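[1] Show me the folded form of this:
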Amino acid sequence: MRLLVITPKFRRAYRKLVKKSPKLGNHIDELLEKMQMDIFLPELGTHKLSGILSGLWACSCGYDCRIVFTLETDVKTGNEAILLLDIGTHNEVY
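    Numbers count the residues shown, from 1 in each chain. Okay, here's the model as predicted:
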C-alpha cells in the first residue's frame, strides 16, 4: 500500500471541482483509495505523460477528469508514495 501525499494545489483544485459537481467527490475519494492499493489498475488508466509534463503520471477519474501525480520513494523507509499534484479536466491539467 502506498502513501498518498496531497499538495496544496491538489487540495484547492479538488475543492473547486467538488464544488462544481458534488457527486464527483465520492467517486474521486473511491479512486484515491484504489490508487493507494494498486496505482496500475486497468480501470484507472494510469499512463506516463510526455512533453512539458514528462516524468509525471496521470490517471482518469471520469470522462473528462484527470489526476496528475508523481511516484516518489521515501529515502528513509524505502516505501513508495503517490504525490498528488493536480486534478481537473483534461484541458485544465495538461
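[2] make it CA atoms for all contacts and neighbour counts henceforth
    OK.
[3] the helices in this protein, which residues?
    Taking DSSP state H, the helices of the chain run over residues 8-20, 22-37, 90-93.
[4] Now render these as a markdown table, adding mean neighbour count.
    Rendered in a markdown table, the data for the helices of the chain read as follows (neighbours: other CA atoms under 10 Å):
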| stretch | mean neighbour count |
| --- | --- |
| helix 8-20 | 14 |
| helix 22-37 | 15 |
| helix 90-93 | 12 |
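[5] Could you list every helix and strand in contact with the lowest-mean-pLDDT helix or strand in the chain?
    Considering only helices and strands, the least confidently modelled element of the chain by mean pLDDT, DSSP states H and E is helix 90-93, at a mean of 88. Helix 90-93 sits against strand 66-73, with contacts defined as 3 or more CA pairs under 8 Å, 6 or more residues apart in numbering; DSSP states H and E.
[6] Dump the helices of the chain to TSV, plus distance to Glu80.
    Compiled in TSV, the helices of the chain are given as follows (distance: least, CA to CA, whole Å):
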stretch	distance to Glu80
helix 8-20	19
helix 22-37	10
helix 90-93	23
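[7] Of the ones you listed, which is nearest Glu43?
    Glu43 lies closest, by CA to CA, to one member of the helices of the chain: helix 22-37, at 9.4 Å.
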